[in-house]
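J.: no sequence for this one, just the structure:
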C-alpha cells in the first residue's frame, strides 16, 4: 500500500506536467460533455475522458520515477518502482473514471441550478 502513496508523491513532485495535462484535458472534456442535451453523449464523454486522464497518470508516474532516479545521489527508494507504474497501468482507469464521474455529476447539478426557469408564453385572454 505504500507504493500508492509513493506514486502519488511522484505524480505531484516529478510527474506533475503529464498528470496535470491529462487532468486539464479530461476536465475540459467532462465540462463540455456535461452540457450536452442528449443523454448518450453526456454518458459517453466521461468514458472517453477517462483514458485521457489514465494516460496522463501513467506518463506522470513513469517520467516521475525516471526523473527521481536521475537526480544526483538518488535514494534507494527511487529504484523500487515496481508497484506504482504497474498499478497505474492496469488499474489507473478506475480512479480516473471515479474522479471524472463525480466531476460530471457535480457539473450536471450546477448546470441545472444555473439554468433560468422556463416561463410559459403569455397566452391571450380567452374569448367568452
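T.: That came in fine, so what should we check first? Just so you know, these numbers come straight off a predicted model, no measurement behind them.
J.: list the helices and strands the helix or strand hosting residue 48 packs on?
T.: Under the criterion of DSSP states H and E, residue 48 resides in helix 39-69. Under the contact criterion of 3 or more Cβ pairs under 8 Å, 6 or more residues apart in numbering; DSSP states H and E, helix 39-69 touches helix 2-13, helix 16-34, helix 83-91, helix 93-114. Quick note: C-beta positions are derived from backbone N, CA and C, even for glycine.
J.: Out of the ones you listed, the one nearest residue 64 is which?
T.: helix 2-13 (3.8 Å; Cβ to Cβ).
J.: The helix or strand of the chain with the lowest mean pLDDT: which residues count as buried?
T.: Least confident helix or strand of the chain, by mean pLDDT, DSSP states H and E, is helix 83-91 with a mean of 76. Across helix 83-91, burial judged by 16 or more other Cβ atoms under 10 Å covers 84-85, 87-88.
J.: Could you identify the most distant pair in those?
T.: Top of the distance list for those (Cβ to Cβ): 85 and 87, 7.3 Å.
J.: For these two, list the residues in contact with both.
T.: Common neighbours of residue 85 and residue 87, counting by Cβ atoms under 8 Å, 6 or more residues apart in numbering, are residue 7.
J.: pLDDT score for residue 1?
T.: Listed pLDDT for residue 1 reads 59.
J.: sorry, that was for residue 99
T.: 89.
J.: And the one 3 residues further on, by the same measure?
T.: Reading off the per-residue confidence, residue 102 sits at a pLDDT of 92.
J.: go on, residue 38?
T.: So, for residue 38, pLDDT stands at 81.
J.: swap in residue 20?
T.: Residue 20 carries a pLDDT value of 91.
J.: show me what contacts it?
T.: 56, 60.
J.: circling back: could you dump the helices and strands packed on helix 39-69 to CSV with distance to residue 47?
T.: Listed next are the helices and strands packed on helix 39-69 as CSV, based on distance: least, Cβ to Cβ, whole Å:
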stretch, distance to residue 47
helix 2-13, 23
helix 16-34, 9
helix 83-91, 17
helix 93-114, 8
